[in-house]
Structures are given as structure tokens and as C-alpha cells.
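[1] 3D, please:
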Amino acid sequence: MPVLNEHDYLEHAVRSVLDQDVDGPTELVLALGPSTDGTTELAQRLAADDERVRLVDNPAAHIPVGLNAAIRASRYPVIIRVDAHSELAPGYARRALETLRRTGAANVGGVMSADGRTPFQRAVARLYNSPVGLGGGAYHGSDREGEAESAYLGVMRREVIEQVGLFDESIRRGEDWELNLRIRQSGHLVWFDPSLSVTYWPRESWSRLARQFRATGAWRGELVRRFGRRNGLRFFAPPALVVVTGLSMLVGVLQLSGLLRGVAALFAAVVHVPLIAYAALVVGVGLASPGGARQRLWTMAVLPTMHYAWGVGFLTGALRGAHDTVDASRLDSRNTPLP
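    Next up, the predicted model:
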């Protein structure tokens, strides 16, 4: 479990891991980044209270670096990746190990079941769980078991991930997808089991969500630079939306200034149609959202935030590379839940 500024979530996440019932010895290795909110002290207390909890340092604070440090420090033949912003469902580990044995897969993952504690967080969670929000990935809500492109978090055979070289530490986001690509290219199976569920708690504020999605989009753009069309078509939808929006704004300016007239203006106006349809989609999804008026309004704000932040990040990463782009929302130690 890589950990950075997760004081409000860490104890619940750790408890959900330690409460798993499996046949055989277990341990939980926490890779500690340089937190500023008391997370490190809390982790040390949890380790002192339970000998199964072990600590390693991750001074760089990068997720794949911390994951590799934790894996190298661990002792057992199955690696279960967990997250400090998540909670495992009861029986998760036992079921995952059974699926690993039954399918012969190298990596098994389940459903990322987002949830929220405030109207804002619940709005984000609903869109995480909706194909309209993040769209396409089996782990966002599919109920069909089978071979998968990637696995959320993942229950992995150590021998396989050591064979393919662990996580690529040059990739700051999307490291799971890239590792699973190498697993599949080496002839092994990645498997999705919808009976496996992990509760994920999204970012608590609009600004942190926007920063998270911009960084994630930038690294997906970097992965497109490196691996091209091995990336699914769904990843190209948000940047396409950003491009269409830019074209629509340009056409609008030309129309208002009188530089675009007559038949040319009529044909050019077609570029506005996708944006009108998208605006209708946003309003429709917001109005159909459960909860009160506040949650519906947040849904209308969150959906375009996710798409545009991700799309802008993608275009930046695809054109210039992600370089040292980090998820700055993880570096902010101030948890500011919205009422």
C-alpha cells in the first residue's frame, strides 16, 4: 500500500486489509511517502499495534516506486495491491485467491466501487461508477467475468511480476495498465472477477479532483506516445471533446466578428452540434442523479471537470510528454470535505 497524506483514510484501509480471512500467513507493507498531515505517525502506531504491518520508505512519493519497494520487502508468493484511499470488501482476498487458482491468471482484479461521504464526493462517486463518467473499463461496473485489459489494484503472482520487471518507475500514473500490458505480452492472463469489490473514496474537493484528472490524462497521453493504439479508443474521447470545444469557440468568434458568413458560416456551425449534445447530456445526467439539489448541481459540475481536465492533460502528455507530471492533489495534506 503506497501512502501519502492519507490520515483520514489510512486506518480504515488498513483495518479492511487486516480483517481479511485467508489460509496462510499475511503481511501488509506500507510504503510511506513524506506526508505532512500525521499519516506517518499513524502508520507507525498501526505497525506497533499489529506485527503484520511493516513499513518501508518512499521518499520520492511516486506510486510505482513505493509499490516496488513494498514488493521487494514482502515475503509471500501472492502480491495484493491495495490503496490507502480504498477499503477491501470482506472476503475479498479469499475470493481473489480462489479466482487466481481457478483461472490460472497472473493478475486478478474486481470492481472499483466508488462511494462518498458528502454531496460532492457522492456526485464524483456516481460518475466513477457510470460509463458516462469514466466509461469503458470493466472494473467501473461490468458484471461479466472474463479476460481483461487491466485490473483494478490487482492480486498478482509474484513470480510473474518479477519475471516482467515489476512496475515501471518512469510512469507516474497508469502504471497498472502498463504492467498488465507487459503481463499479457508475456503470454499470461489478466482476469476480471465482478464478485470482487473495493470501495474507493474519491477526492474531497473540486480543485483536487481537477488536478488528479489532469495528471492522469497527461500520463495517458504519455502512454499513447509510448504504446500507440494498444490504448483503447475510449481514452481518446475526452481529448476529442477538448478539440471540438476549441474549434467551436474559434468558429463562434469568426461568426460574431463577421469574418465567417453565408454558406460557409452555416457549414461551420455544424461544429457546435456535438457541444450542444454534450451540454444536454451533462444536464440530463445531473437531473437524473439521486440525492438532493446540491448533489445534482455537483454532478453537472463534476462531469465536465473530469472530461475536460483529463482531455487537456491527455493532449499535453501526447504532444509534449508527461515528463515529471505528478498528481498534485496527493501532495496537499489539507483534506477539505465540502458540506
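
[2] For the stretch 1-150 of the chain, which segments are assigned as strands?
    For the stretch 1-150 of the chain, the strands defined by DSSP state E, counting those that start in this stretch occupy 2-3, 28-32, 53-57, 78-80, 86-88, 107-114, 146-147.

[3] so which of those comes closest to Ala265?
    Closest approach to Ala265 among the strands of the stretch 1-150 of the chain is made by strand 107-114 (43.6 Å; Cβ to Cβ). No exception for glycine: its C-beta is placed from N, CA and C like everyone else's.

[4] Out of the strands of the stretch 1-150 of the chain, which is the most enclosed?
    Among these, strand 2-3 has the highest mean neighbour count (mean count of other Cβ atoms under 10 Å), at a mean of 26.

[5] helices or strands next to that one in the packing?
    Applying 3 or more Cβ pairs under 8 Å, 6 or more residues apart in numbering; DSSP states H and E, we find strand 2-3 packed against strand 28-32, helix 63-73.

[6] Sticking with Phe314, tell me its helix or strand.
    Using DSSP states H and E, Phe314 maps to helix 293-320.

[7] picking that back up, what would the helices and strands packed on strand 2-3 look like in CSV with distance to Val283 and mean pLDDT?
    Output for the helices and strands packed on strand 2-3, formatted as CSV (distance: least, Cβ to Cβ, whole Å; pLDDT from 0 to 100):
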stretch, distance to Val283, mean pLDDT
strand 28-32, 42, 98
helix 63-73, 36, 97
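
[8] can you list the ones you listed in TSV and add distance to Val22?
    Output for those, formatted as TSV (distance: least, Cβ to Cβ, whole Å):
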stretch	distance to Val22
strand 28-32	12
helix 63-73	18
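
[9] In three-state terms, label Ser197 for me.
    strand (DSSP: H, G, I helix; E, B strand; the rest coil).

[10] Not counting residues beside it along the chain, what's closest to it?
    Ala89 (4.3 Å; Cβ to Cβ, 6 or more residues apart in numbering).

[11] contacting residues for that neighbour?
    Applying Cβ atoms under 8 Å, 6 or more residues apart in numbering to Ala89 gives the contacts Ser16, Leu196, Ser197, Val198, Thr199.

[12] between whichever strand or helix holds Ala218 and helix 293-320, how many degrees?
    According to DSSP H and E, Ala218 maps onto helix 206-227. Note on geometry: by axes from the mean of the first three to the mean of the last three Cα atoms, to 10 degrees, helix 206-227 and helix 293-320 are set 30 degrees apart in direction.

[13] Ala96 is in contact with Val155, isn't it?
    Yes. Assessed by Cβ atoms under 8 Å, Ala96 is found in contact with Val155 at 4.0 Å.

[14] If anything else comes up later, I'll come back, but that's it for now.
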